[in-house]
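Asks: Pasting a predicted model and its sequence here:
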Amino acid sequence: MFTEHPIEFINNSSIGIHAVSPEGIVVYANPFELEVLGYKKEEYIGHHVSEFQLDSDCLAEMMQRLSRFESLKNFPAKVQAKGRVKYIIYNSSVYQKEGKFIHTRCYGTEVDKTIYDVYMELFDR
C-alpha cells in the first residue's frame, strides 16, 4: 500500500520533475531538477523555458505537440545548466481541465552525449 504523501514523493524523487505553463513559463521544479541543473528556485521557476532549452526547434516541437495534448516519450533535448550543457531525455504530458491546457508534467533524466545522440537518430532530428 502506498502511504507516502504525494508531495513528499515528488519532492524526494531521484528524477527531475517540472511543470511549464502554456506560455512557456516554468511554474514548478522539484529539488532534484534544480540540483541536476545547478539552479536555485528563483533562477529557474518563473523563467521562460527558452532560457534553458538550447535548441529552439526542439522547444517549438515540444510545445506544439504538448499544445495538441500529445505525450512526449523519450524526447531528447539539450539544456543549459548552470555553467554547462546537459543532455536530458524528457517524458511529458499536459494537465488539462475541460480541454484547457493548464501546465505540462515533465520528467527528465540526464544522459551522456552518446545516449543523447542515439535518441536524436531515433527521432531523426
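Replies: Now that the structure is in, tell me what you want to look at.
Asks: and Tyr28, what does it touch?
Replies: By CB atoms under 8 Å, 6 or more residues apart in numbering, the contact list for Tyr28 reads 17-19, 45, 103. From N, CA and C alone the C-beta is placed, and that goes for glycine too.
Asks: among those, which are in strands?
Replies: Among the contacts of Tyr28, the members found in strands (DSSP state E) are 17-19, 103.
Asks: out of the residues you listed, which one sits closest to Gly38?
Replies: Nearest to Gly38 out of the ones in strands among the contacts of Tyr28 is His18 (CB to CB; 14.2 Å).
Asks: what's the neighbour count on the closest one?
Replies: His18: 24 surrounding residues under other CB atoms under 10 Å.
Asks: wait, what's in contact with the residue lying closest to it once chain neighbours are set aside?
Replies: If the residues on either side of it in the chain are set aside, His18 comes closest to Ala29, at 4.2 Å by CB to CB, 6 or more residues apart in numbering. Counting by CB under 8 Å, 6+ apart, Ala29 makes contact with 16-19, 39, 41, 44-45.
Asks: measure Ala29 to Tyr107 for me?
Replies: Using CB to CB, to the nearest Å, Ala29 is found at 12 Å from Tyr107.
Asks: what touches both of the two?
Replies: Shared contacts of Ala29 and Tyr107, defined by CB under 8 Å, 6+ apart, comprise 16-17.
Asks: Got phi/psi on Ser21?
Replies: phi -70, psi 170 (degrees, to the nearest 10).
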